[in-house]
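Chemist: got a predicted structure here, sequence first:
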Amino acid sequence: QVQLVESGGGLVQPGGSLRLSCLASGSIFSINAVAWYRQAPGKQRELVAAITNSGSTNYVDFAKGRFTISRDNAKNRVYLQMNSLKPEDTAVYYCNAGHLYESNWPAMKWMYDYWGQGTQVTVSS
């Protein structure tokens, strides 16, 4: 089993920045990729970015140029740096990690995966 805990969310003004963190614990040796998703009120959960064990990263269109996904293996953490935030970025952000066996971005197929509880990001003046 893998436990994922997100942190770093909060209230930020438009144009501001936040850095989200996803801390993994448990059987993390089984993880070969981590992704960030978000879900706004009344909307479906959507993919934001992903990073593999090799350091390969991918972003969906709205995240390109504004968001950066990175990892610190020594700390078992994956980060999502979000800059130039907009009100439409308001959502609960979730960390998703597991064993990816096929990827044709943005489609990802997991052999198994785990979810964190999410962290709220609110962009408002």
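Modeler: Done, it's in.

Chemist: next, residue 29: phi, psi?
Modeler: phi -60, psi -20 (degrees, to the nearest 10).

Chemist: can you give me the strands in the protein?
Modeler: 2-7, 10-12, 18-26, 33-39, 46-52, 57-59, 67-72, 77-82, 91-104, 107-115, 119-123 (DSSP state E).

Chemist: for the closest residue to residue 118 other than its chain neighbours, name its beta-bridge partners.
Modeler: Distances taken as CB to CB, 6 or more residues apart in numbering put residue 92 closest to residue 118, at 4.2 Å, once the chain neighbours are dropped. Yep, even glycine has a C-beta here, placed from its N, CA and C like the rest. Going by DSSP bridges, residue 92 is paired in beta bridges with residue 39, residue 120.

Chemist: count of neighbours near residue 92?
Modeler: Neighbour count of residue 92, defined by other CB atoms under 10 Å: 18.

Chemist: so it sits against residue 119, correct?
Modeler: Yes: using CB atoms under 8 Å, residue 92 is in contact with residue 119, at 6.9 Å.

Chemist: what is in contact with those two at once?
Modeler: Common neighbours of residue 92 and residue 119, counting by CB atoms under 8 Å, 6 or more residues apart in numbering, are residue 9.

Chemist: need the per-residue pLDDT for the closest residue to residue 43 other than its chain neighbours.
Modeler: Spatial nearest neighbour of residue 43, excluding adjacent residues (CB to CB, 6+ apart): residue 91 at 7.8 Å. Predicted confidence (pLDDT) for residue 91: 98.
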